[in-house]
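Novice: pasting the sequence and the predicted coordinates here, then a few questions.
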Amino acid sequence: MKKTKGIITAGHAQTAWAGIQILDEGGNAFDAAISMSFAACINEFCMSSLGGGTFFNLFTQEGKTVIIDAFCQTPKQKRPLDQIEFYPHTIDFGNTQEDFQIGMGAIAAPGTLAGIYALYEQFATLPFKELIEPALQIARKGSLVDDFQEFDYSVLESMLRVHPESRALFTKEDGSLVKEGDVVGMPVFADFLECLRFEGKDLFYKGEIAQKIAKDSQEKGGFISYKDLASYQAIVRNPLSFNYRGHTVLTNDLPSIGGPLIALGLNKLQADRSFNKHTDPAHTNRMFEVFQYLEGVDRTVDGLNLLLAKESNIKSNFKEAGGKKWGSTTHFNVMDEHGNAISVTTSNGEGSGYMIEGTNVMLNNMLGEAALLPGGFHSWAPDQRLSSMMSPTLILDNQDTIRYALGTGGAGRIPTMVLQVISYLLDYGMTAEQAVGAPRCHLEHGSFDLEPELWVEGSFDAEKVSQWAEQHMYFGGVHTVERLPDGRFEGVGDARRSGVVLVND
């Protein structure tokens, strides 16, 4: 079969390699994305898992636009808190820290695998056994630990040491954590993928694995029941769409709030026509004002729904509020020569510490993410799709042809990071490489943080203003691909999170 030309950006070289293998077999962008989704669970273990949640943003060669919402669902029933395993962990970024909770009581019903199957059943062209083959090879031969994965493992070390299965994977014989240059194999995960090939997603959601998860959850302090898993469904939605500088932006809609925040922020920039140089004071002032506005908006689903309804430029397809929550994280993009494109953001939170024995799959800690629970821990309503900041984004040109695909990890910083790269692309006319490499800033809880080169002198209504010494993964990893008007591809993997770009030509 003739190979498919295309481009891939991802957070790890072997994740991108998995997609290229599928394009070489003649698969489309969606086939490649499925293969990469499995591979990322090995190469980017702390950020991606079949036990987590994912959003797939698709544009097909026929012009169809689709969001597959495979994010996590709250359990159907609560239990007395004195029966729940739920305890704290802190991530230290150097200049700032983030707190979260792990344990069995932090697990929400996972959706990633259901989303992969929804993508496979509707948009794939190659057999499932071919799509899992690259991940099988990586799991058996091993994944190379890069500098970013070493950092990720180090900040999550105490979580990785909780379960014997993860402790065996990520520590050496002397008990030390794996480092850059080490190779981590996951043959048990390979065996699990082989079982999926024959038994399908029901193995995970209704079969032996589901029964194991439910039993452990009930016995060890979790909320998840068998019914939570058996009833889980990926949801196919229309994306949130809006016009910006002659382009159509397609991103995640409510009940997730990352996409709406991007739309509202860019609408604030829409009236500004003076974009000279991003190192000028005007740029920093402009970003601060937009972020200050976003900090002040009502971030409940109902509140954002009302705000979007007032903006004639923004088209939301959301009808009813199904929850009031917004949900570490990685991202990848694929475009192919046929005009298909997919932008995928996936997360396992920081991981709960619980692995499904005999699978190498760790479940999420979404119920322990403070950013997902504005009412406080355990404030979640039962049986609701958690919302999220994750915002995989596609941009069409004025001919309704795919032009850009981008997105990032970064928790509550996701909307501001994606917004800035879009502005660099469409306001400043930068190339993808320039836009991703340009400095970023972020305002949160009164702290205004800026990367080098951005202007910091002046008066900002912030409790703290910090200019970082270098670009940092705190400011996301906005991997981006571009289809040029002549059909050529360009892209960049964000160096802040060891991103890579591979072209199949």
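Specialist: Nice, I can see it. None of the values given here were measured: they were computed from a predicted structure. Numbering: from 1, shown residues only.
Novice: what residue ranges in the stretch 401-505 of the chain score low on pLDDT?
Specialist: Along the stretch 401-505 of the chain, the model assigns pLDDT under 70 to no residue.
Novice: strands along that one, start to end?
Specialist: Listed in chain order, the strands of the stretch 401-505 of the chain (DSSP state E, counting those that start in this stretch) span 402-407, 441-444, 447-450, 464-467, 479-483, 489-492, 500-504.
Novice: buried sites along the helix or strand containing Gln137?
Specialist: Using DSSP states H and E, Gln137 falls within helix 128-141. Using 16 or more other CB atoms under 10 Å as the test for burial, helix 128-141 gives Phe128, Glu130, Leu131, Ile132, Glu133, Pro134, Ala135, Leu136, Gln137, Ile138, Ala139. In short, each C-beta sits where N, CA and C put it, glycine included.
Novice: you'd agree the last one is up against Met186?
Specialist: In other words, Ala139. Yes. Contact status for Ala139 versus Met186: in contact at 4.4 Å, counting by CB atoms under 8 Å.
Novice: overlap in contacts of these two?
Specialist: In terms of CB atoms under 8 Å, 6 or more residues apart in numbering, Ala139 and Met186 are both contacted by the residues Ile42, Asn360.
Novice: re the thing from before, residues in contact with the helix holding Gln137?
Specialist: Helix 128-141 is contacted by residues 14, 17-19, 21-22, 25, 27, 31, 34-35, 38-39, 41-43, 120, 124, 183, 185-187, 189-190, 193-194, 196-197, 360 when judged by CB under 8 Å, 6+ apart.
Novice: now do it: distance to the chain's middle.
Specialist: Distance of helix 128-141 from its chain centroid, counting by CA atoms, centre = their mean, to the nearest Å, is 22 Å.
Novice: same question, stretch 82-93
Specialist: Stretch 82-93 has its C-alpha centroid displaced from the chain centroid by 22 Å (CA atoms, centre = their mean).
Novice: who's the spatially most central residue of the chain bridged to?
Specialist: Closest to where the C-alpha atoms of the chain average out (CA atoms, centre = their mean) is Thr345, at 2.8 Å. Residues in a beta bridge with Thr345, per DSSP bridges, are Phe55, His331.
Novice: does it touch Leu406 like I think?
Specialist: No. With contact defined as CB under 8 Å, Thr345 does not reach Leu406; the gap is 10.0 Å.
Novice: ok so, going back, do you know how far the residue nearest to the centre of the chain is from Phe30?
Specialist: 16 Å (CB to CB, to the nearest Å).
Novice: just to revisit the earlier point, any chance of the buried residues of helix 128-141 in JSON lines, with distance to Asp427 and pLDDT too?
Specialist: JSON lines is the format used below for the buried residues of helix 128-141 (distance: CB to CB, whole Å; pLDDT from 0 to 100):
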{"residue": "Phe128", "distance to Asp427": "43", "pLDDT": "97"}
{"residue": "Glu130", "distance to Asp427": "42", "pLDDT": "97"}
{"residue": "Leu131", "distance to Asp427": "38", "pLDDT": "98"}
{"residue": "Ile132", "distance to Asp427": "42", "pLDDT": "98"}
{"residue": "Glu133", "distance to Asp427": "43", "pLDDT": "98"}
{"residue": "Pro134", "distance to Asp427": "38", "pLDDT": "98"}
{"residue": "Ala135", "distance to Asp427": "39", "pLDDT": "98"}
{"residue": "Leu136", "distance to Asp427": "44", "pLDDT": "98"}
{"residue": "Gln137", "distance to Asp427": "43", "pLDDT": "97"}
{"residue": "Ile138", "distance to Asp427": "39", "pLDDT": "98"}
{"residue": "Ala139", "distance to Asp427": "43", "pLDDT": "97"}
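Novice: can you pull out the low-pLDDT segments for the stretch 1-150 of the chain?
Specialist: For the stretch 1-150 of the chain, the ranges with pLDDT under 70 are 1, 91-98.
Novice: hmm, 80 instead?
Specialist: The model of the stretch 1-150 of the chain has pLDDT under 80 over residues 1, 89-99.
Novice: the nearest residue to Phe489 once chain neighbours are set aside pairs with what?
Specialist: Spatial nearest neighbour of Phe489, chain neighbours left out: Ile7 (3.8 Å); criterion: CB to CB, 6 or more residues apart in numbering. Note on Ile7: beta-bridge partners by DSSP bridges are Met335, Val503.
Novice: so that it lines up with my notes, have the first residue be 553 from now on.
Specialist: Done: numbering now begins at 553, and the last item shifts to Ile559.
Novice: near Ile559, how many other residues are there?
Specialist: Taking other CB atoms under 10 Å as the criterion, the count of residues near Ile559 is 28.
Novice: residue ranges for the strands of the stretch 653-802 of the chain, please.
Specialist: With DSSP E, counting those that start in this stretch as the criterion, the stretch 653-802 of the chain has strands spanning 695-696, 735-736, 787-789, 792-796, 799-803.
Novice: test my guess that Gly774 contacts Ala660.
Specialist: No. The criterion here is CB under 8 Å, and Gly774 misses it with Ala660 at 10.0 Å.
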